[in-house]
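*Asks:* What would the 3D arrangement of this be:
(chains A and B)
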Amino acid sequence: NAGVTQTPKFQVLKTGQSMTLQCAQDMNHNSMYWYRQDPGMGLRLIYYSASEGTTDKGEVPNGYNVSRLNKREFSLRLESAAPSQTSVYFCAGRGIAGNEQFFGPGTRLTVL
Amino acid sequence: AQSVTQLGSHVSVSEGALVLLRCNYSSSVPPYLFWYVQYPNQGLQLLLKYTSAATLVKGINGFEAEFKKSETSFHLTKPSAHMSDAAEYFCAVRDGGAGNNRKLIWGLGTSLAVNP
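*Replies:* The predicted structure follows:
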């Protein structure tokens, strides 16, 4: 099993450009999450999907959109990137009965 | 509402010394608590979890944590630090959401440095 995978690993954008971060899991997780990690600010939840077909805002959703394409895939889209969105983005999944989350390796995004 | 406080954003120990990383929580429901480790340029990995069974929880890499309800604490310890323990450590508590809507509430992390 690959677990939780994310693509790309690194990305550099110019202000105003758009891009989609991809996340896929083969652990049969019902719930999936997108976080951003910034120095000194820990992990902040952007959006989550409690189950296939549903998505909800987390604490920092502005400037982002998500799609739960199917049970395996949960993508994060930046429609018009801003320098404030420079961060490391993590996707995570959680199984039906468990409480812990399983993380992907992250995408390091720089917006110039 | 649930919250997590990690005392000390940076902790430095000598190799072979005791590691103690502090975590205090607030929870309106019986807490489920977690410690995660993040090595440089990697994702987060579960170290251990407390889910209302034994109060002393053993995890990977020789780490353990003790749940103390009276102190609302879940401190992480390791008797003897190794250079490979240098990493960022996060404490988290499950929120009050039901079923698939459960989320984790995260502390800000503690960076552990191990000196030779």
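
*Asks:* any idea how far residue B:60 is from the residue in chain A sticking out farthest from the centre?
*Replies:* Of all residues in chain A, residue A:97 sits farthest from the chain's C-alpha centroid, using Cα atoms, centre = their mean; the distance is 21.7 Å. Distance from residue A:97 to residue B:60, counting by Cβ to Cβ, to the nearest Å: 21 Å. Quick note: C-beta positions are derived from backbone N, CA and C, even for glycine.

*Asks:* try residue A:78
*Replies:* Noted for residue A:78: a distance of 35 Å to residue B:60, by Cβ to Cβ.

*Asks:* what residues does chain B put near chain A?
*Replies:* Residues of chain B lying close to chain A (Cβ under 8 Å from any Cβ of the partner chain) are B:9, B:32, B:34, B:36, B:41-46, B:49, B:51, B:90, B:94, B:99-104, B:106-109.

*Asks:* so what's residue B:24 up against?
*Replies:* Residues near residue B:24 by Cβ atoms under 8 Å, 6 or more residues apart in numbering or on different chains: B:4-5, B:7, B:71-74.

*Asks:* ok, 10 Å please
*Replies:* Going by Cβ atoms under 10 Å, 6 or more residues apart in numbering or on different chains, residue B:24 touches B:3-7, B:68, B:71-75, B:91, B:107.

*Asks:* a markdown table for those residues, including secondary structure and neighbour count?
*Replies:* Listed next are those as a markdown table, based on DSSP: H, G, I helix; E, B strand; the rest coil; neighbours: other Cβ atoms under 10 Å in any protein chain shown:
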| residue | secondary structure | neighbour count |
| --- | --- | --- |
| B:3 | strand | 13 |
| B:4 | strand | 23 |
| B:5 | strand | 14 |
| B:6 | strand | 23 |
| B:7 | strand | 15 |
| B:68 | strand | 12 |
| B:71 | coil | 10 |
| B:72 | coil | 15 |
| B:73 | strand | 18 |
| B:74 | strand | 28 |
| B:75 | strand | 19 |
| B:91 | strand | 31 |
| B:107 | coil | 25 |
